[in-house]
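> mind folding the following:
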Amino acid sequence: MAAASTAENFLTAHWSEFRVGSERDAIIACQHALLLSEQFTLDGQEAGVLPAGWNSSQELYTMNYRRDGRKYVVKGLAMDDQLLVNVLSSVDNKVYTCSVDTKEHVNPDCLQSYPGVFKQFSRLCSLLQQEIIDKLKEPQSRASTMTSGAHVPPTRAHVTPNPDPLMVGGPRIPHHRGDPLREPNPFSVGEGDRLPFGLGGSGGMLMDPFRQGGMPRLPQGVPPGARFDPFTPFHPPAPRGPQSPGSRQYGPDHDHLPPPGYDDMFM
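Residues are numbered from 1 along each chain as shown. Predicted coordinates for the structure are as follows:
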């Protein structure tokens, strides 16, 4: 891994300047070297040197880095033998975390000389690289791709809008009587008004939804085929003779009338 090799060369040259005093300091120094190898820079510092007092607190480490104008806040939180490394990215406002076991990766008896500090340096670099650094670079590379060049939206085929989202297939236009574009004879438009009783083959303008196969019995004075509402709530005189089971009665029956005492609130 090229980043690990670059970080190792950097630590070899500057280890004595870091003044590492604990296993936690060694993990933060390794993280710092890896960030520098990936073109991250430490705020306010030149040549990648850690600022004075960076390890004054052995419980919480805080450092600010930048890359391509983006800000990254690195924090190290001590938890017994674990060091929890958190990085807040300003690219996507997410926090990336990695837990490192100090006893597993650092030799506490060789803190002053770099070649023997880390037990498995490549393994520690791989852990920090996968859990933090690679994840920091992914959203930044996506943001650079989106901002580079003009964005040309893909062409879309023309789709006729469907006014009814529940309709399957194209819209179905029913046949309307009176449409001069659909009538065989355009001069027949309005025949329903001119001939309300449907004379001459016209449909007429009087409607009776119950007329099926015959004319219903209507009171005197009502035009044939008209829809009729009774004049009074009482039944008209029933015709003489037996009634067929399917005969139609006019007016409301007794079920339409309110029950006795419906307006008495105490019943």
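
> what about Gln120, how many residues nearby?
Per other C-beta atoms under 10 Å, the neighbour tally for Gln120 reads 11. (C-beta placed from N, C-alpha, C; glycine too.)

> scratch that, Val20 is what I was asking about
Neighbourhood size, Val20 [other C-beta under 10 Å]: 22.

> that one contacts Ser113, correct?
No. Counting by C-beta atoms under 8 Å, Val20 stays clear of Ser113, with 10.2 Å between them.

> show me what counts as buried in the longest helix along the chain.
Taking DSSP state H as the criterion, the chain has its longest helix at helix 2-18. Applying a neighbour-count criterion of 16 or more other C-beta atoms under 10 Å, one finds Ala3, Ala4, Ala7, Glu8, Phe10, Leu11, His14, Trp15, Phe18 buried in helix 2-18.

> list the contacts for the closest residue in space to the fifth one that isn't next to it in sequence?
Distances taken as C-beta to C-beta, 6 or more residues apart in numbering place Ala33 nearest to Phe10, at 4.7 Å, with adjacent residues excluded. Applying C-beta atoms under 8 Å, 6 or more residues apart in numbering, one finds that Ala33 lies in contact with Thr6, Ala7, Glu8, Phe10, Leu11, Gly48.

> go again using 6 Å as the cut-off
Ala7, Phe10, Leu11 (C-beta atoms under 6 Å, 6 or more residues apart in numbering).

> please apply the same query to Leu88.
Contacts of Leu88 were listed using C-beta under 6 Å, 6+ apart, and they are Val73, Val95.

> for the remainder of this discussion, apply numbering that starts at 39.
With 39 as the first residue, the last one maps to Leu126.

> quick check: mean pLDDT of the strand or helix carrying it?
Per DSSP states H and E: Leu126 is located in strand 120-127. Mean per-residue pLDDT for strand 120-127: 94.

> just checking, next helix/strand downstream of it?
strand 133-139.

> touching that next one from outside, list them.
Residues contacting strand 133-139 (C-beta under 6 Å, 6+ apart): Ile65, Gln120, Leu121, Leu122, Val123, Asn124, Val125, Leu126, Glu169, Ile170, Lys173.

> same thing but at 7 Å, please
Contacts to strand 133-139, defined as C-beta atoms under 7 Å, 6 or more residues apart in numbering, come from residues 65, 119-127, 165-166, 169-170, 173-174.

> list just the nearest of those residues to Lys141.
Among the contacts of strand 133-139, Asp119 lies closest to Lys141 (C-beta to C-beta), at 5.0 Å.

> next, find the distance separating Trp53 from Val144.
13 Å (C-beta to C-beta, to the nearest Å).

> elements contacting the longest helix of the chain?
Using 3 or more C-beta pairs under 7 Å, 6 or more residues apart in numbering; DSSP states H and E as the contact test, the elements touching helix 40-56 are helix 61-75, helix 159-166.

> most tightly packed of those helices?
Highest mean neighbour count among the helices and strands packed on helix 40-56 (mean count of other C-beta atoms under 10 Å): helix 61-75, with a mean of 24.

> mean confidence (pLDDT) on that one, please.
93.

> list the strands paired with the very next helix or strand once past it, with their directions.
Next in sequence after helix 61-75, counting helices and strands by DSSP H and E, comes strand 79-80. Strand pairing for strand 79-80, determined by DSSP bridges: strand 98-105 (antiparallel).

> CA atoms only for the partner strand - export them in CSV, please.
These are the backbone C-alpha positions of strand 98-105, laid out as CSV (Å, rounded to 0.1, in the frame of the first residue of the first chain):
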residue,chain,number,x,y,z
LEU,A,98,-9.3,13.5,24.2
TYR,A,99,-7.3,14.4,21.1
THR,A,100,-8.5,17.1,18.7
MET,A,101,-7.0,18.3,15.4
ASN,A,102,-8.3,20.0,12.3
TYR,A,103,-7.3,19.0,8.7
ARG,A,104,-8.1,20.3,5.2
ARG,A,105,-8.2,18.7,1.8
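
> check which residues of it are buried.
Those would be Tyr99, Met101, Tyr103, Arg105, for strand 98-105 by 16+ other C-beta under 10 Å.

> the inter-axis angle of it versus strand 120-127?
In terms of direction (axes from the mean of the first three to the mean of the last three C-alpha atoms, to 10 degrees), strand 98-105 departs from strand 120-127 by 30 degrees.
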